[in-house]
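>>> Please find the sequence and the predicted model below.
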Amino acid sequence: MKRLALTLAMTLLATAVASAQIKKMVRDDAPAEALSAAERSQLGDPMFTLALRSHPNEGDVQKVVDLVKGTSAQVHFFVVDELIADPAPAGSRRVVLAFRGVNQTLKLDPNVMLSVILTPTGFTPNFIEAWGWDVRRGRFNFYRFEQASNEQVPGWKFRGSSTGADLQTTQRQDTCLACHVNGEPLMKELTLPWNNWHSTSFVATYLRPSSATPWPVVADLALLTRLENARVLQTDFIQLAIARFNRSRADALLKRNAQGAPTVVNGMQEVIDGRRLLRPLFETTQYNFASSGTLSGLHPFPAASGGPVGPIAVPAAFFLNANLLAGGGATQYQGLDIAEALSFNTLARISADEYRTLVNDDRTTIGGRSGDANFAWFVPAASHVDNHMIDLLVQRGVITKEFAGAAMAVDHETPVFSTKTPGLLRFIPATFRFKPLAVGAAPAAHPDRLTQAVIAALQAASPAAGTAEADFLSLLQSPNPLSTLRQRVLSYRQRVQTRLDNATTRAAELRRLFHIAVDRRRAALNHPVLGALTESDALFPVPQQ
Amino acid sequence: MFNYTDPGGALKPAAALKSYRQQLHEQYRQHAKRAGSSFTLLEAFDEIAPGAQPVIDKVEWSAFPITAQANNSQIDAGRFQFQDEYVEWQVTAQGGRLRTITFTTDFLEYYQALAMVSHEALVAGIKVLYPTANPTNAQLYGPGFNPTTSSPEGRAESFARFAQQNPWNNGTKGILCLAQQFNTLGALFNLVGRGAVENLAVPSNAICDTLGNFCGSGRNSDPAVATAVQDLARGKRGLSFADPAGIRIARLAGTWKLNGNDVDMDNSPNIWAITRNGRRAVLKVSAGLSVDDAPITSGAQVAALLSVNAAVISAREAELPRWSRVGQETSRRLNDVAGSRGNP
């Protein structure tokens, strides 16, 4: 009798669990749909495994955090908002929760993150976003806790994965892939000074108990004791997650045998979609921000203080793709050994008066008020996800440094949103073979097979003189494209330096440079895909139209 | 005087610890006396109001010298030019392959305290790190210097002056302590003592720019520390360096693997060992060690993944003794080097 009762109880429990399962939504405002068993079987990330599989309706942030971290792991609390500088207890802030440690043998860092909305009094209810990395399938899965139009109560929804995200064209709107353009984790202000984040460069004091006037939530929310600066999110989580994602993407575009191992013929591997793999070298697929490390003093939230306290340095990443050209640095690319690129960090040092004049003359507004971003000279720059992929391809021997250098030399003065280089992608063969580069081994000599194939394709097109195609062809045919690139970098620096050093041309040159910065902000705002990353008019300072 | 902890545990004989404490106390006292500064002596936190609790904030930054316009190998080789984040390192290689990377955040004053006692005490302190070391007088103090006939102060000054040429410190034979021109105990105290003077004319995050040569605004460390203490000052909190004062090596980020297997660097002392209360760390680079699938090729590469911190203790000024508060910088308590307790 007892055994029968136990069996009955277990059956009822199993039925209850089976009836409460995570659903899916294909886009915002779409109805919730049941996930098929086959679809559910494809969810192998820690977010699903530790939390959502067993608690598909759990919307309490602390409880979800506890499910993910278990008893021994740690949670870290990061905060970002375009109005982060405003201490007034109003509005909201985006919170990112990352985890470090192991739960039930699953490594949590950097494999799962949550995102919630913090108000002065607590979390916004019924809204949690999450992603988890499925190491076996090599993909991010995206989830959201929300209530669909055809539901009585909110619950967790599977909102898609990173698989094929980079191939999406018109179907991104109202999906996670609208912002996670390649399917990657997103931290737009990735590097120092992490404009808009609570960081060592800008402390959101009102979120700390030691503040004179903390937000009320500080006294009540235990999770806020885990507040961390944005550098930790950058170095300990986002960069690692992107690096692993890129390795997985690169692996997926290699020809494989029936056992799933890369096919090797005469020591060569084969890329099965060359244009897709090399796209980051020619197109901006994502952007991150660069800025001076100096506060503009013109940020209108809560109020401008009259301008920078001291001179501001225009970041090298504004002038060119300095981090990838030079290598090393905080992002630790192998790079192309053009160390001179870093010298652009000290090329344009602008006095507080000069900077104030530039901003005031252009009458930029941000968030509906006159002014500038929190940190001066805030511009879209080459993204880590693109740069890391290019660097990875060089490290693996898929492309040579010379090939990468030739592509970058075509429009080296436009490190983001180039209109010259995307057209070169069509000369990349659909498939090509390369010799994998072992650690410490000598790379293939220039011109390698890919370079020769691209040269042939360009020659066949007979590009007109003065075009990007003709320049790319010339660079690839050069015995040392990196030397040419270095010369162009030095010449560029000299040209700007000369204008800045001359009192009669300095003001005009500063205006020219500032207008390039503004144009890049507009390019990001108006970009057909990346425009979706602008969630607020308080992100970009641009002149009123 | 506060019983400052010996951070490295090697200040022997007792006179070395006493000397170190006196040097340290002089820094504390100098900045506790700074007009308008919320910085105060550690003794104040022993006298906190009943029921009140001090808070310890760890101000953290990256060990990678962000201002260096140089590649990894140049940063490794140019320690005294580039490594300016209160962290310096020595790389050893053998057979063209990197073998160890040793990071230090120990201040020069630590070894000066040993030199103040005797040449033998200094050598003994070096032997704690390098047991087979047999440093010559010339190596430690420069040519022609006789430590036996010199005064204690003469030994300490010569040791400090020669720290960048000393092969036991400059990487040739070893690394003992910070020796880059900006990485000094005095610089760190100046940063905190001056940064803790409330200045409402600028946002707290811009306070570094107002401190002139005492704060390097382009660095990772200085603005972070200055902003943190300025915020505490604005919150009407008295503050000080938590004991033991200095820079602690906190954490190594990255996905580390040995021969393809994940390595938990927090629990692998045979690969990554943090010693001396966080003032020293050694990475043993074996052939199969990688981070984020890349081989270890430089100290700068590892520094980019390394976080260090300085611990600042604070409490509401109203909960601290009156002698320690802003406006009381001329109190007899602060002017008394020995700092006899309870003297208002």
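Alright, I've got the coordinates.
>>> and chain A, what are its domains?
Domain ranges of chain A: A:22-230, A:253-292+A:321-334+A:376-533, per automatic domain parsing.
>>> Dump the ones you listed to TSV, plus distance to chain B, mean neighbour count and mean pLDDT.
Heads up, the C-betas are built off the backbone N, CA and C, glycines and all. What follows is those, written out as TSV (distance: least, Cβ to the nearest Cβ, whole Å; neighbours: other Cβ atoms under 10 Å in any protein chain shown; pLDDT from 0 to 100):
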stretch	distance to chain B	mean neighbour count	mean pLDDT
domain A:22-230	4	19	95
domain A:253-292+A:321-334+A:376-533	5	18	97
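>>> The lengthiest helix in chain B: what's the following helix or strand?
If you go by DSSP state H, chain B has its longest helix at helix B:14-32. Sequence order places helix B:43-46 as the next helix or strand after helix B:14-32, per DSSP states H and E.
>>> I'd like to know which elements that following helix is packed against.
With contacts taken as 3 or more Cβ pairs under 8 Å, 6 or more residues apart in numbering or on different chains; DSSP states H and E, helix B:43-46 sits against strand B:237-241, strand B:306-316.
>>> Need the winner for burial among the ones you listed.
A comparison of the helices and strands packed on helix B:43-46 by mean neighbour count, using mean count of other Cβ atoms under 10 Å in any protein chain shown, puts strand B:237-241 on top with a mean of 28.
>>> Could you report the pLDDT at residue A:335?
Predicted confidence (pLDDT) for residue A:335: 95.
>>> contacting residues for the nearest residue to it once chain neighbours are set aside?
Spatial nearest neighbour of residue A:335, excluding adjacent residues (Cβ to Cβ, 6 or more residues apart in numbering or on different chains): residue A:327 at 2.0 Å. Contact analysis of residue A:327 by Cβ atoms under 8 Å, 6 or more residues apart in numbering or on different chains lists A:333-337, A:339, A:391, B:71-72.
>>> ok, so what distance separates residue A:327 from residue B:70?
Between residue A:327 and residue B:70 the distance is 11 Å, computed by Cβ to Cβ, to the nearest Å.
>>> List the residues that are in contact with both of these two.
Counting by Cβ under 8 Å, 6+ apart, the residues touching both residue A:327 and residue B:70 are residue A:339.
>>> residues contacting residue B:156?
Under the criterion of Cβ under 8 Å, 6+ apart, the neighbours of residue B:156 are B:112-113, B:115-116.
>>> Mind doing that once more with 7 Å?
Contact analysis of residue B:156 by Cβ atoms under 7 Å, 6 or more residues apart in numbering or on different chains lists B:112, B:115-116.
>>> Repeat that for residue A:97.
Residue A:97 is in contact with A:65, A:75, A:77, A:113-114, counting by Cβ under 7 Å, 6+ apart.
>>> hmm, try it at 10 Å
Applying Cβ atoms under 10 Å, 6 or more residues apart in numbering or on different chains to residue A:97 gives the contacts A:61, A:64-65, A:68-69, A:75-78, A:112-116, A:128, A:130, A:223, A:226.
>>> now swap in residue B:263 and tell me
Going by Cβ under 10 Å, 6+ apart, residue B:263 touches B:255-257, B:270-272, B:288-291.
>>> ok so, going back, now do the residue nearest to residue A:335 against residue A:260, distance only.
Noted for residue A:327: a distance of 33 Å to residue A:260, by Cβ to Cβ.
>>> try residue A:36
Distance, residue A:36 to residue A:260, using Cβ to Cβ: 25 Å.
>>> How about residue A:458?
Distance, residue A:458 to residue A:260, by Cβ to Cβ: 35 Å.
>>> Then residue B:243?
57 Å.
>>> same check, this time on residue A:513
50 Å.
>>> which neighbours does the helix or strand containing residue A:365 have in its sheet, and in what orientation?
If you go by DSSP H and E, residue A:365 is part of strand A:364-366. Each strand paired with strand A:364-366, and its direction, by DSSP bridges: strand A:369-370 (antiparallel), strand A:542-543 (antiparallel).
>>> what packs against whichever strand or helix holds residue A:62?
Assigned by DSSP H and E, residue A:62 falls within helix A:61-69. In terms of contacts (3 or more Cβ pairs under 10 Å, 6 or more residues apart in numbering or on different chains; DSSP states H and E), helix A:61-69 is packed against helix A:46-47, strand A:74-80, strand A:93-100, strand A:102-103, strand A:112-119, strand A:122-123, strand A:128-134.
>>> That helix to strand A:112-119, inter-axis angle?
Helix A:61-69 and strand A:112-119 are oriented at 170 degrees to each other (axes from the mean of the first three to the mean of the last three Cα atoms, to 10 degrees).
>>> Report the backbone C-alpha coordinates of helix A:61-69 in CSV.
Extracted as CSV, the C-alpha positions of helix A:61-69 are listed here (Å, rounded to 0.1, in the frame of the first residue of the first chain):
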residue,chain,number,x,y,z
VAL,A,61,15.6,37.6,-8.9
GLN,A,62,17.2,36.5,-5.7
LYS,A,63,15.8,33.0,-6.0
VAL,A,64,17.0,32.7,-9.6
VAL,A,65,20.4,33.8,-8.5
ASP,A,66,20.4,31.2,-5.7
LEU,A,67,19.4,28.5,-8.2
VAL,A,68,22.2,29.4,-10.5
LYS,A,69,25.0,29.9,-8.0
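>>> Determine how far it lies from the middle of the whole chain.
In this view, helix A:61-69 has its centroid 26 Å away from the chain centroid, taken as Cα atoms, centre = their mean, to the nearest Å.
>>> Which elements pack onto the helix or strand hosting residue A:460?
Using DSSP H and E, residue A:460 maps to helix A:449-461. Other helices and strands packing on helix A:449-461, by 3+ Cβ pairs under 10 Å, 6+ apart, are helix A:274-282, helix A:401-409, strand A:432-434, helix A:468-477.
>>> Identify the residues contacting it?
Residues outside helix A:449-461 that contact it (Cβ under 10 Å, 6+ apart) are A:268, A:271, A:274, A:278, A:398-400, A:402-403, A:406-407, A:424, A:426-429, A:432-435, A:444-447, A:467, A:469-470, A:472-474, A:476-477, A:481.
>>> Run the angle between it and helix A:401-409 for me.
When the same axes, to 10 degrees is applied, the directions of helix A:449-461 and helix A:401-409 differ by 40 degrees.
>>> what angle separates helix A:449-461 from helix A:468-477?
Going by the same axes, to 10 degrees, helix A:449-461 is angled at 140 degrees with respect to helix A:468-477.
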